[in-house]
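>>> Any chance you could fold what I've pasted below:
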Amino acid sequence: MRTVEEIRMKMSTSGFLEPAVEGTKVTYIKEYEMPYSVLGKFVDKVKYSRDVEKFMDAMLVNLKNTPET
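Numbers count the residues shown, from 1 in each chain. Modelled structure (predicted):
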């Protein structure tokens, strides 16, 4: 039997909401380091960074469409 080790990635995320004149200013910071140096950088360019952008776009649309309480 063969086992495959889980790929581990260093990651840190932070999010801030601040009042602004025209609503709310949203700041989202995601810092990460892909494993495996060259291969990780390649995977980041062709896949992971695009997925993160799509996630952020969807999150911002959902946030914008959330009714005020």
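
>>> Against Ser37, how distant is Met59?
Distance of Met59 to Ser37, given as CB to CB, to the nearest Å: 29 Å. C-beta: built from backbone N, CA, C; applies to glycine.

>>> So which of these two has more stuff around it?
Between Met59 and Ser37, counted using other CB atoms under 10 Å, the more crowded position is Met59 (13 against 9).

>>> tell me the contacts of the more buried one?
Shown in contact with Met59 (CB atoms under 8 Å, 6 or more residues apart in numbering): Tyr28.

>>> On the three-state scheme, Val61 is what?
helix (DSSP: H, G, I helix; E, B strand; the rest coil).

>>> So what's the residue count around it?
When neighbours are defined as other CB under 10 Å, Val61 has 10 of them.

>>> By mean pLDDT, which helix or strand of the chain comes out lowest?
Using mean pLDDT, DSSP states H and E, helix 37-43 stands out as the lowest-scoring helix or strand of the chain, at a mean of 75.

>>> Run through who's touching that one.
Helix 37-43 is contacted from outside by 33-34, using CB under 8 Å, 6+ apart.

>>> May I have the phi/psi pair for the residue nearest in space to the middle of the chain?
In the chain, the C-alpha nearest the mean C-alpha coordinate belongs to Val52, at 4.3 Å (CA atoms, centre = their mean). Dihedral pair for Val52: phi -60, psi -40, per degrees, to the nearest 10.
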